[in-house]
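K.L.:
Sequence first, then the predicted structure:
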Amino acid sequence: MGYSGRYHATSLIAVFLALAIGMVIGAALGGDTIDDTRKDLERSLTGNLEDARERADELNGELARAEEFGSRVYPILARNQLQGQRIGVVALGGLPGDVSDSIEEALAPTGGRLVGVGVVREPVDLQALGDDLSKTRFADVAGDPDTQTEFGVGVGRQLVLGGTLLERVRSRLFSRASGNFGGLDAVIVVRDQPGDMGPLQRSTAGRIESGLTEGITATRAPAVGVESSGSDDSSVSFFQGNDLSSVDNVDLVAGQLATVFALLGAEGSFGVKGSADRLLPDLLAPRQP
């Protein structure tokens, strides 16, 4: 629905802009001929405005019907596709409520279980992490950029496989977390960096984020980065640069289906934005119930 709304707004802006130009020309030149021309232009533009409104209403109706159809078909296509699988969500910086809800909707008919959700704290509290890691090989995490990356890799691996490093830093690393990590079959990554971080904080967060995704992908567990179609700041380039499949419209039925098949191993950038390769991956053979 975001796209039909933008189409509507763009049409209105264009019409009003043309109308304003016509009025300015008429006021500047004056005369009966110009005045008649201006009135004709106003009538024409008014007709165009009505046409644009009708077309926008048609598009809204078509989109609503498409979404209704997709909502009815989706449970059939996704049913039991992830049966018995343990899924984790790792959110970098924040986890918007609409994205969280969309992920749960996507997984609902699949038979997969969302067993762990963790929101990585940003900006990163390096001093606190250093205290927790004082007797480990990551003791200098507060001052060494390479150690920050290595730390991220180690944690990323243990998010999937489990381990003592993750348990040691869990309360410092996550601003909030629920469930349990380790023994995951697939991972969903969300990225929503706080806008008020300074350059140094952003650089530190970036190193740990890249390390985390490297560690996750090193386990060979399928992983996909997701965002909503209306995200102001897209993270698709980050997902692509860190070897993650991506879905840029997880709030839409097509994006939810793409997410499920990416969790089954489909690779690529899926969605409706310019960075997407295509709308959907090739549909894999459905799992038997």
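P.N.:
That came through, no problem. What you see is a predicted model; the values in this text were computed from it and never measured.

K.L.:
next SSE after the strand or helix carrying Arg55?
P.N.:
Arg55 belongs to helix 32-78 when assigned by DSSP states H and E. Sequence order places strand 86-92 as the next helix or strand after helix 32-78, per DSSP H and E.

K.L.:
all helices for this protein, in order.
P.N.:
Secondary structure of the chain by DSSP state H: the helices cover 2-29, 32-78, 97-107, 126-132, 145-161, 164-173, 199-218, 236-241, 253-263.

K.L.:
From the ones you listed, pick the one with the highest average neighbour count.
P.N.:
Each of those was scored by mean neighbour count; the highest is helix 253-263, a mean of 25, by mean count of other CB atoms under 10 Å. For the C-beta atoms, the positions are set from N, CA and C on the backbone; glycine is no exception.

K.L.:
Give me the contact list for that one.
P.N.:
Contacts with helix 253-263, where a contact means CB atoms under 8 Å, 6 or more residues apart in numbering, come from 67, 70-71, 73-74, 77-78, 81-82, 85, 87, 102-103, 105-107, 110, 112, 186, 188, 222, 224, 226, 229, 245, 247-250, 266, 268, 270-272, 279-281, 283-284.

K.L.:
so how many other residues sit close to the nearest residue to Thr204 once chain neighbours are set aside?
P.N.:
Counting by CB to CB, 6 or more residues apart in numbering, Thr204 lies nearest to Val124, which is 5.3 Å off, once chain neighbours are set aside. Residues contacting Val124 under the criterion other CB atoms under 10 Å number 24.

K.L.:
and Val124, what pLDDT?
P.N.:
With respect to pLDDT, Val124 has a value of 94.

K.L.:
mind listing what it touches?
P.N.:
Val124 neighbours (CB under 8 Å, 6+ apart): 201, 204-205, 208.

K.L.:
between those residues, which is closest to Gly94?
P.N.:
Ala205 (11.6 Å; CB to CB).

K.L.:
so that closest one sits right up against Arg121, yeah?
P.N.:
No. In this structure, Ala205 is not within contact of Arg121 by CB atoms under 8 Å, at 9.3 Å.

K.L.:
The most centrally placed residue in the chain and Phe151, how far apart?
P.N.:
Nearest to the mean C-alpha position of the chain, by CA atoms, centre = their mean, lies Glu227 at 0.8 Å. Separation of Glu227 from Phe151 (CB to CB, to the nearest Å) stands at 25 Å.

K.L.:
Same check on Val117?
P.N.:
Distance from Val117 to Phe151, by CB to CB: 21 Å.

K.L.:
and Pro75, what is it in contact with?
P.N.:
Neighbours of Pro75 in contact, by CB under 8 Å, 6+ apart: 108-109.

K.L.:
how about a cut-off of 6 Å?
P.N.:
Residues near Pro75 by CB atoms under 6 Å, 6 or more residues apart in numbering: Pro109.

K.L.:
again, but for Val160
P.N.:
By CB under 6 Å, 6+ apart, the neighbours of Val160 are 184, 216, 219, 221.

K.L.:
Run a quick neighbour tally on the third one.
P.N.:
The burial count assigned to Thr219 is 16, neighbours taken as other CB under 10 Å.

K.L.:
ok, now which ones touch it?
P.N.:
Per CB under 6 Å, 6+ apart, neighbours of Thr219: 157, 160-161.

K.L.:
next one: the second one
P.N.:
Applying CB under 6 Å, 6+ apart to Ile216 gives the contacts 156, 160, 187, 223.

K.L.:
Show me what the third one is bridged to.
P.N.:
So the one you mean is Val187. Beta-bridge partners of Val187, counted by DSSP bridges, are Gly88, Ala223.

K.L.:
Just the pLDDT for it.
P.N.:
Value for Val187, per-residue pLDDT: 98.

K.L.:
Need the contacts of Val124 in CSV (columns: pLDDT and distance to Ser178).
P.N.:
Below are the contacts of Val124 laid out as CSV (pLDDT from 0 to 100; distance: CB to CB, whole Å):
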residue, pLDDT, distance to Ser178
Gln201, 96, 26
Thr204, 96, 25
Ala205, 97, 22
Ile208, 97, 21
